[in-house]
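Visitor: no FASTA, just this:
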Ligand SMILES: Cc1cc2nc3c(=O)[nH]c(=O)nc-3n(C[C@H](O)[C@H](O)[C@H](O)COP(=O)(O)O)c2cc1C
Ligand SMILES: [Mn+2]
């Protein structure tokens with residue numbers, strides 16, 4: 001089972017030699033970024049900075065910086081293993097015989113036990129600060145030179161739908177302004193912002209909490225593109241095979257927070273209040289996201305366990321630590337994509353595309369304009385809808401090899417015939433879009449063309465040697481003296 005709290009996760013990492021402690025004092029402004037950037041790029045270990053200038057708390061970074069560590073956090077040997085479990089969940093085999101039904105019972109019982117469990121006490125509330133709460137006691141990072149301030153970068157933001165009580169957990173950056181004032185940078189397409197709009201319509205204060213640390217699966221689930229209304233805590237329970245333990249907040253009891261979190265920041269947003277100018281922030285696009293207006297978050301309590309570890313990440317030009325969180329999602333959600341768009345054999349979000357700029361999609365093409373259908377289906381599917389460039393290729397292309405994909409783009413595309421341009425919502429961080437969050441998207445149909453797809457001449461076959469000759473040359477290789 002994945003670690004139930006961050007400190008046991010740290011112990012596991014350390015046991016495996018996947019974590020380095022840094023004893024000298026470092027600056028949370030820029031210095032940690034430069035160190036982490038170098039270490040992540042080199043595929044290096046998680047880093048525990050024991051002395052961070054201006055704070056009593058050690059800072060942990062780069063926990064998800066490799067495939068192995070991300071798998072350890074998710075309690076799997078490979079992402080495909082989790083994908084297979086998700087696939088089973090989506091396509092449950094209906095038991096028909098009594099024996100099959102009996103066999104299914106333990107599985108069903110387990111599913112039923114996975115929603116979060118509310119407990120009375122939590123480690124995360126060993127120490128409680130209310131009036132004396134101070135965000136600047138945290139070793140929050142100033143990540144890049146032109147950042148607007150210091151940011152919480154690996155927080156899981158807990159909110160509830162005011163009408164249904166449905167919980168959402170999303171990872172949104174939080175800029176610190178005053179000891180008890182921060183800004184909540186949730187993009188308008190994300191569930192936290194959706195909840196905020198509901199509280200605003202109802203004219204109600206919005207309670208919320210930010211959890212740092214807790215179960216090892218938590219940061220990952222907070223980044224997951226689950227459909228609105230599906231509780232990330234349930235998915236966390238599914239991943240770890242155990243329900244998440246939650247405890248009501250000390251000052252915002254409507255919001256339950258992970259009992260084993262290192263640190264929890266509780267507070268509220270008053271939708272009647274003016275927004276605050278947040279940013280700029282050196283973002284995962286490799287550019288600064290420009291300053292813009294976001295809700296003010298008022299802190300009513302900071303609770304933590306004794307001697308907490310403060311977890312952080314930096315984002316920047318890819319690849320960074322978040323690359324592996326994204327890769328995990330790409331793999332784990334393949335069955336979900338396939339359920340929505342069954343034509344998809346596989347897909348890849350190439351590193352250079354920073355998640356939303358580019359997707360390579362492989363289909364088994366059976367009829368004219370199938371690639372277009374796939375593009376449009378994806379442009380309507382959850383967070384995939386924000387993908388700026390979708391390249392569709394045939395079944396014999398390796399979507400995980402950008403050279404192979406671009407070779408087929410170069411060879412198979414007549415730009416005037418094979419490019420699909422559409423308008424729609426785009427990622428908030430897309431600075432090229434004419435309007436923030438709204439712009440255009442491009443589909444490149446790099447499949448071989450069929451009659452009916454505009455003017456198509458005879459299509460040549462791609463070069464390939466016969467298997468017989470390949471086998472012959474392999475057999476005779478020694479004879480050639482090469
Ligand atoms: C390191 C990291 C930082 C992120 N920062 C933000 C952010 O500041 N604002 C935001 O809206 N999404 C951010 N995201 C993306 C969301 O966490 C992600 O889209 C998630 O699915 C949103 O959950 P929701 O759909 O429940 O809102 C970040 C993701 C990662 C991995
Ligand atoms: Mn959600």
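Guide: On my side now, so go ahead. Since the model is a prediction, treat every value here as computed from it, not as a measurement. Ligands and ions are numbered 1, 2, ... in the order given.
Visitor: Am I right that residue 193 is in contact with residue 187?
Guide: Yes. Between residue 193 and residue 187 there is a contact under CB atoms under 8 Å: 6.3 Å. Quick note: C-beta positions are derived from backbone N, CA and C, even for glycine.
Visitor: which residues in this protein form helices?
Guide: Assigned by DSSP state H, the helices in the chain fall at 6-15, 31-41, 67-74, 79-90, 98-112, 191-202, 218-223, 232-240, 322-332, 334-340, 370-378, 402-412, 415-418, 467-476.
Visitor: So which bits of the first one are buried?
Guide: Read that as helix 6-15. 6, 7, 9, 10, 12, 13 (16 or more other CB atoms under 10 Å).
Visitor: Would you mind giving those as a markdown table with pLDDT added?
Guide: A markdown table is the format used below for those (pLDDT from 0 to 100):
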| residue | pLDDT |
| --- | --- |
| 6 | 98 |
| 7 | 98 |
| 9 | 98 |
| 10 | 98 |
| 12 | 98 |
| 13 | 98 |
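Visitor: Could you save these as TSV and add columns showing distance to residue 439?
Guide: Listed next are the buried residues of helix 6-15 as TSV, based on distance: CB to CB, whole Å:
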residue	distance to residue 439
6	38
7	44
9	39
10	42
12	43
13	41
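Visitor: Which parts of the stretch 301-450 of the chain are strands?
Guide: All strands of the stretch 301-450 of the chain, identified by DSSP state E, counting those that start in this stretch, fall at 310-311, 344-348, 358-363, 389-393, 419-425, 438-445.
Visitor: wait, which of those strands is closest to ligand 2?
Guide: Closest approach to ligand 2 among the strands of the stretch 301-450 of the chain (CB to the ion): strand 419-425, 16.6 Å.
Visitor: returning to that earlier point: export the strands of the stretch 301-450 of the chain to JSON lines and tack on distance to ligand 1?
Guide: Converted to JSON lines, the strands of the stretch 301-450 of the chain look like this (distance: least, CB to the nearest ligand atom, whole Å):
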{"stretch": "strand 310-311", "distance to ligand 1": "11"}
{"stretch": "strand 344-348", "distance to ligand 1": "17"}
{"stretch": "strand 358-363", "distance to ligand 1": "15"}
{"stretch": "strand 389-393", "distance to ligand 1": "18"}
{"stretch": "strand 419-425", "distance to ligand 1": "13"}
{"stretch": "strand 438-445", "distance to ligand 1": "16"}
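Visitor: Turn those into a markdown table, including distance to residue 266 and mean pLDDT.
Guide: A markdown table is the format used below for these (distance: least, CB to CB, whole Å; pLDDT from 0 to 100):
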| stretch | distance to residue 266 | mean pLDDT |
| --- | --- | --- |
| strand 310-311 | 17 | 99 |
| strand 344-348 | 39 | 98 |
| strand 358-363 | 38 | 98 |
| strand 389-393 | 41 | 99 |
| strand 419-425 | 32 | 98 |
| strand 438-445 | 34 | 98 |
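Visitor: Let me know the pLDDT of residue 98.
Guide: Note for residue 98: predicted pLDDT of 82.
Visitor: same check, this time on residue 110
Guide: pLDDT for residue 110: 71.
Visitor: mind listing what it touches?
Guide: Taking CB atoms under 8 Å, 6 or more residues apart in numbering, we find residue 110 in contact with residue 241.
Visitor: And it, how far from ligand 2?
Guide: Residue 110 sits 23 Å away from ligand 2, going by CB to the ion, to the nearest Å.
Visitor: do you know how far that residue is from ligand 1?
Guide: 24 Å (CB to the nearest ligand atom, to the nearest Å).
Visitor: one step back: got the helices of the chain as a markdown table, with distance to residue 387 columns?
Guide: A markdown table is the format used below for the helices of the chain (distance: least, CB to CB, whole Å):
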| stretch | distance to residue 387 |
| --- | --- |
| helix 6-15 | 32 |
| helix 31-41 | 25 |
| helix 67-74 | 22 |
| helix 79-90 | 20 |
| helix 98-112 | 31 |
| helix 191-202 | 19 |
| helix 218-223 | 16 |
| helix 232-240 | 22 |
| helix 322-332 | 12 |
| helix 334-340 | 11 |
| helix 370-378 | 6 |
| helix 402-412 | 14 |
| helix 415-418 | 17 |
| helix 467-476 | 37 |
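Visitor: Least confident of these, on average?
Guide: For those, where the average pLDDT is lowest is helix 98-112, sitting at a mean of 74.
Visitor: between it and helix 79-90, what angle do the directions make?
Guide: Relative orientation of helix 98-112 versus helix 79-90 (axes from the mean of the first three to the mean of the last three CA atoms, to 10 degrees): 110 degrees.
Visitor: how does this protein divide up, domain by domain?
Guide: Taking automatic domain parsing as the reference, the chain has its domains at 6-311, 341-445.
Visitor: and which of the buried residues of helix 6-15 is nearest residue 265?
Guide: residue 6 (15.4 Å; CB to CB).
Visitor: tell me the contacts of the closest one?
Guide: Residue 6 neighbours (CB under 8 Å, 6+ apart): 60, 213, 214, 216, 260, 261, 262, 309, 311.
Visitor: and of those residues, the nearest to ligand 1?
Guide: Comparing those against ligand 1 with CB to the nearest ligand atom places residue 311 closest, at 11.0 Å.
Visitor: doesn't residue 262 make contact with the closest one?
Guide: Yes. Between residue 311 and residue 262 there is a contact under CB under 8 Å: 6.9 Å.
Visitor: Give the residues shared as contacts by the two.
Guide: Listed as contacting both residue 311 and residue 262 by CB under 8 Å, 6+ apart are 6, 212, 213.
Visitor: Put together a markdown table for those, with distance to residue 34 on each row.
Guide: Below are the shared contacts of residue 311 and residue 262 laid out as a markdown table (distance: CB to CB, whole Å):
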| residue | distance to residue 34 |
| --- | --- |
| 6 | 24 |
| 212 | 22 |
| 213 | 24 |
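Visitor: Okay, strands next: where are they in the stretch 51-200 of the chain?
Guide: All strands of the stretch 51-200 of the chain, identified by DSSP E, counting those that start in this stretch, fall at 59-61, 117-118, 127-129, 150-152, 156-160, 167-171, 174-178, 181-184.
Visitor: what sits against the residue of the stretch 201-350 of the chain found nearest ligand 2?
Guide: Going by CB to the ion, ligand 2 is nearest to residue 226 of the stretch 201-350 of the chain, at 4.8 Å. When contacts are counted by CB under 8 Å, 6+ apart, residue 226 touches 232, 235.
Visitor: And it, its phi and psi?
Guide: phi -70, psi 150 (degrees, to the nearest 10).
Visitor: Which pLDDT value belongs to it?
Guide: We note a pLDDT of 97 for residue 226 in this prediction.
Visitor: From ligand 1, how far out is it?
Guide: Relative to ligand 1, residue 226 is positioned 6 Å away (CB to the nearest ligand atom).
Visitor: one step back: and which of the buried residues of helix 6-15 is nearest to residue 302?
Guide: residue 6 (16.5 Å).
Visitor: got the contact list for the closest residue in space to residue 367 that isn't next to it in sequence?
Guide: In this structure, residue 367 finds its nearest non-sequential neighbour in residue 450, 7.1 Å apart by CB to CB, 6 or more residues apart in numbering. With contact taken as CB under 8 Å, 6+ apart, residue 450 is in contact with 365, 367, 368, 456.
Visitor: Repeat that for residue 315.
Guide: Residue 315 makes contact with 143, 153, 282, 283, 284, 321, 322, according to CB under 8 Å, 6+ apart.
Visitor: For residue 456, see how far away the closest residue to it other than its chain neighbours is.
Guide: Ranked by CB to CB, 6+ apart and with sequence neighbours excluded, the top spatial neighbour of residue 315 is residue 284, at 3.7 Å. Distance from residue 284 to residue 456, counting by CB to CB, to the nearest Å: 40 Å.
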